[in-house]
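Visitor: sequence-free structure coming up:
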């Protein structure tokens, strides 16, 4: 069974705009991770936020984590056409079990 | 450092045939994962190894799927016999320890006809 659920399933924006994706999960976690997948390729790790952290930044990425609501958000600022991809959240639970959600398909129009 | 290597990249087989996928994780990574990703869906964990021991295989269809990780390094995933619904990308990933990122291979795209 999938642990995380992303929202929205699909998002289409213009270049330069910000993109926000949300993830909800069900059980206690060690950390939550965001991955990116270009069509037909493997997954690439973007950022990891631990259960005792509330916010983390990496370049144009900002991730928040609310363990009381069991939710996380990924913000991509000043989006580019090259950001077009599927974005997945993954939760690491006990025993390093890493479980993915169904993903958000982001399309950035030039 | 070299990434996670998977082979083959593509495989087409007929239903009821058998197939095997191979994964070489990043050197020194104790944890190895196999995922199945059906088109348009997120990766589904099939099996997780810690060194050469199985940590979680609760979603592995054991009547037809098997996996092993000899000597805690390379791993193979086998399907026998294959069904049409096994058509998917099979992803291998590894990580060095708890609470760190996982590194993914490029995957093997399986088509069962």
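Guide: Great, that's in hand. Treat the numbers as computed from the prediction; the structure is a model and nothing was measured.

Visitor: Residue A:90: what's it in contact with?
Guide: Contact partners of residue A:90, counting by Cβ atoms under 8 Å, 6 or more residues apart in numbering or on different chains, are A:4, A:32-35, A:98-101, B:102. Placement of C-beta: from N, CA and C, glycine included.

Visitor: go again using 7 Å as the cut-off
Guide: Contacts here follow Cβ atoms under 7 Å, 6 or more residues apart in numbering or on different chains; on that basis residue A:90 touches A:4, A:33, A:35, A:98-100.

Visitor: give me phi/psi at it?
Guide: Backbone torsions of residue A:90, given as degrees, to the nearest 10, read phi -140, psi 140.

Visitor: mind checking how far it is from residue A:100?
Guide: Using Cβ to Cβ, to the nearest Å, we find residue A:90 at a distance of 5 Å from residue A:100.

Visitor: What about residue 63, how many residues nearby?
Guide: Let's take chain A. Residue A:63 is surrounded by 24 other residues when neighbours are defined as other Cβ atoms under 10 Å in any protein chain shown.

Visitor: Wait, chain B was what I had in mind.
Guide: Other residues within reach of residue B:63 by the criterion other Cβ under 10 Å amount to 8.

Visitor: separation between it and residue B:81?
Guide: Between residue B:63 and residue B:81 the distance, using Cβ to Cβ, works out to 10 Å.

Visitor: Based on its surroundings, how many neighbours for residue A:19?
Guide: For residue A:19, the count of nearby residues is 20 (other Cβ under 10 Å).

Visitor: so what's the residue at minimal distance from the centre of chain B up against?
Guide: For chain B, the residue sitting closest to the mean C-alpha position, by Cα atoms, centre = their mean, is residue B:34 at 3.1 Å. With contact taken as Cβ under 7 Å, 6+ apart, residue B:34 is in contact with B:46-47, B:67, B:77, B:90, B:92.

Visitor: what about the helix-or-strand element of chain B with minimal mean pLDDT, near chain A?
Guide: Sorted by mean pLDDT, DSSP states H and E, the helices and strands of chain B end with strand B:53-56, the least confident at a mean of 92. Yes. Using Cβ under 7 Å from any Cβ of the partner chain, a contact is recorded between strand B:53-56 and chain A, made by B:55-56.

Visitor: Show residues contacting the following helix or strand past that strand.
Guide: From strand B:53-56 onward toward the C-terminus, using DSSP states H and E, the following helix or strand is strand B:65-68. Taking contacts as Cβ under 7 Å, 6+ apart, the residues outside strand B:65-68 that touch it are B:34, B:46-47, B:75-79.
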